[in-house]
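[1] fold the following for me, if possible:
(one chain, ligands or ions: 1)
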Amino acid sequence: MKPLPHHYDVHLTGGPSGYAQLSTAGVPELRTAPPVDYDGPGDAWSPEHLLLASVQACFLFTLRAIARLSKVEFLALDLDASGTVDRQDGVTRFTEIVLRPKLTVSPGTDRGASRYELAMNVLDRLFFAEGRRWSSGQARGDVLELAAGSGRNFPYYGQWVRLTAQDISAVMLGLARTRAAAIGLEVDLQVGDAQALDLPDAHFDTVVCTLGLCTIPNDRRALQEAWRVPRAGGRLLLLEHVVSPHLAVRLVQRLLDPLACLLASDHLLRDPLAVVMATGFEIERLERHAIGMVEWLVARKPMAVLAAEL
Ligand SMILES: C[S@@+](CC[C@H](N)C(=O)[O-])C[C@H]1O[C@@H](n2cnc3c(N)ncnc32)[C@H](O)[C@@H]1O
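    Sure thing, here's the model as predicted:
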């Protein structure tokens, strides 16, 4: 990239009606006209379509740069964009732009797990290690860890737990098996979907989930399962990155969210606390860290449920 600042020039020629010609050095001219919604002819790029096209092109070129830096390979990006123009606060403007990316990677691409490990080595040191110790260290009895990944919480469990760890990725659980063996931890590893667990009702004393609800496609369904499988009085221990309550941080999260979803299936704007409460858990303890982006949570399935179940 050339050093900043960069300058761009575009020339427009147009009259009181009809098409306008856009030109810039080195590329073919582009004909533009209002869209049909503004009584345009509908056979030329409108400013509204050009704006969406420009957002899409920025998305692809930013993705290429990030993919190069993070050594993610992809074959193609298909990106649909829809924009809504409406009147808001007395001004007519774009009120919403939605991007729907679909990324194609080479068949057999499976460097995700080892890349995850490398990235998490850094992120744990910066943000999560203490939260892992805090959440997993409180687990007691029969413990289920949802979306356990490569088993990064395993070193923090006490010797008294009977651990079942599940994840949808057999590759991640392969790493978890190696980690468990290295520290002599007995664990029942199960490949499965946290949104539809193949496990009995009211069986566990503790359910642990760290950095899983941001990735599981339907976090509500996963939390309903996290409600179903513990006994009444059982606890849910969460460590999650969440949408920040601080506006400036939230705006950055909103900007980065489509890329994080695309590259790592990672949702930056989720708010698990609201869903945990709506599911019926009682919140016992809540801490926010890292400018509100990291949440530590202990919740309990109320004992009253026992009476309802009997
Ligand atoms: C960001 S990683 C977190 C892994 C681990 N909990 C940790 O703290 O390092 C998210 C994990 O969720 C898993 N996952 C995604 N969707 C899932 C699902 N529907 N059911 C179970 N696991 C899922 C992924 O395979 C991945 O291992």
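[2] so which helix or strand takes in the residue in the chain positioned nearest to the ligand?
    The nearest approach of the chain to the ligand comes at Gly149, 2.5 Å away (Cβ to the nearest ligand atom). For every residue, glycine as well, the C-beta is placed using N, CA and C. Per DSSP states H and E: Gly149 is located in neither a helix nor a strand.
[3] is Leu77 located within a helix, as I assumed?
    No. Secondary structure of Leu77 (DSSP: H, G, I helix; E, B strand; the rest coil): strand, not part of a helix.
[4] what pairs with whichever strand or helix holds Leu144, parallel or antiparallel?
    In this assignment (DSSP H and E), Leu144 forms part of strand 142-146. Applying DSSP bridges, strand 142-146 is found paired with strand 162-167 (parallel), strand 204-210 (parallel).
[5] tell me which residues in stretch 141-149 are buried?
    Buried residues in stretch 141-149, counted by 16 or more other Cβ atoms under 10 Å: 142-149.
[6] repeat for stretch 86-100
    Applying 16+ other Cβ under 10 Å to stretch 86-100 flags Leu99 as buried.
[7] before we move on, the earlier item: list phi and psi for the residue of the chain closest to the ligand.
    Main-chain dihedrals, Gly149, degrees, to the nearest 10: phi 60, psi -130.
[8] that one is in contact with Ala170, isn't it?
    No. Gly149 lies out of contact with Ala170 (Cβ atoms under 8 Å); the separation is 11.8 Å.
[9] and the gap between the residue of the chain closest to the ligand and Leu197?
    16 Å (Cβ to Cβ, to the nearest Å).
[10] got a list of contacts for the strand holding Leu144?
    136, 153, 157, 161-166, 194, 199, 203-210, 212, 216, 222, 225-226, 229-230 (Cβ atoms under 8 Å, 6 or more residues apart in numbering).
[11] select only the buried ones of the residues you listed in PyMOL?
    If you want just the buried ones from these in PyMOL, going by 16+ other Cβ under 10 Å, the selection is:
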select buried, resi 136+153+157+161+163+164+165+166+194+204+205+206+207+208+209+210+212+216+222+225+226+229+230
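[12] just the contacts of strand 142-146 that are near the ligand?
    194, 210, 212, 216 (Cβ under 6 Å from any ligand atom).
[13] quick one, what contacts the residue lying closest to the last one once chain neighbours are set aside?
    Meaning Ile216. Excluding the flanking residues, the one nearest Ile216 by Cβ to Cβ, 6 or more residues apart in numbering is Ala222, at 4.6 Å. When contacts are counted by Cβ under 8 Å, 6+ apart, Ala222 is found next to 146-147, 194-195, 209, 212-213, 216.
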